[in-house]
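> Sequence and predicted model, in that order:
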Amino acid sequence: MANIIVSACLLGFDCRYKGDGCLCERLAALAEKHTLIPVCPEQLGGLPTPRDPAEICGGKVIDSAGRDVTEKFSAGAQAALKAARLNRVTTAVLKARSPSCGRGLIYDGTFTGRKIPGDGFTAKLFLENEINVFTEDELDELENYIINQYK
C-alpha cells in the first residue's frame, strides 16, 4: 500500500482556477488499495478559487491580469512538500500542464494554449526532493511503478 499525493482537482475537488474539478475516475479508483492524499498547492499558497489563470513566464508565475503570483505558488509548493513529508510520500500524481503541478510540459506564459517543456513549481520541488511525479496522462506508467515498488 502506497501513500500518494494527488492534485485535489483530479479527485473531483472544485479547486481549479475556474472553480471546478476534473475527476479522474481511474485515478480515484486507486483509493481502493492505496492512500490518496489530496492537495491543491495553489489554495495552500493562499490563492482564492476561482482565480485568474496563471502561467510561468521567465521563471515567474504571472496571472492573466498581469499580477506576479510567484510567491503564492512557491508557498503552495512548500506546503505540498510538507504534506508529502508528513505522510512519507514518495509518489505524486499531479495535474498535467499546470503552473503548479505540470511535469514535463507546461503552458508557455503567453495564454495562447501553446505548451513548452518544463515543470510547474510543485512538480519541480517534488522532483528535487526525490518524489516521483506522474500526471493523469501517465496512469499506465504510475500503475507499473506501483506494482514494481509494492510487490
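Arrived safely, thanks for sending. Numbers count the residues shown, from 1 in each chain.
> Only C-alpha atoms from now on, for both contacts and neighbour counts.
Fine.
> what about the strands in this protein?
Per DSSP state E, the chain carries strands over the ranges 3-7, 35-39, 54-57, 60-63, 91-94, 105-107, 115-117, 132-135.
> who's in contact with the third one?
If you take CA atoms under 8 Å, 6 or more residues apart in numbering as the criterion, strand 54-57 is touched by 61-64, 98-99, 106-111, 120.
> So in that sheet, which strands flank it, and in what orientation?
Strand pairing for strand 54-57, determined by DSSP bridges: strand 60-63 (antiparallel).
> For the longest helix seen in the chain, output the C-alpha coordinates as PDB.
In the chain, assigned by DSSP state H, the helix with the most residues is helix 70-86. Taking only C-alpha atoms (Å, rounded to 0.1, in the frame of the first residue of the first chain), the coordinates of helix 70-86 have been written out as PDB:
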ATOM      1  CA  THR A  70       5.100  33.600  -7.800                       C
ATOM      2  CA  GLU A  71       5.200  33.900  -4.000                       C
ATOM      3  CA  LYS A  72       1.800  32.200  -3.700                       C
ATOM      4  CA  PHE A  73       2.900  29.400  -6.000                       C
ATOM      5  CA  SER A  74       6.200  28.900  -4.100                       C
ATOM      6  CA  ALA A  75       4.400  28.900  -0.700                       C
ATOM      7  CA  GLY A  76       1.900  26.300  -2.000                       C
ATOM      8  CA  ALA A  77       4.700  24.100  -3.300                       C
ATOM      9  CA  GLN A  78       6.400  24.200   0.100                       C
ATOM     10  CA  ALA A  79       3.200  23.400   1.800                       C
ATOM     11  CA  ALA A  80       2.500  20.400  -0.500                       C
ATOM     12  CA  LEU A  81       6.100  19.200   0.100                       C
ATOM     13  CA  LYS A  82       5.400  19.400   3.900                       C
ATOM     14  CA  ALA A  83       2.300  17.300   3.400                       C
ATOM     15  CA  ALA A  84       4.300  14.800   1.400                       C
ATOM     16  CA  ARG A  85       7.000  14.500   4.000                       C
ATOM     17  CA  LEU A  86       4.500  14.200   6.900                       C
END
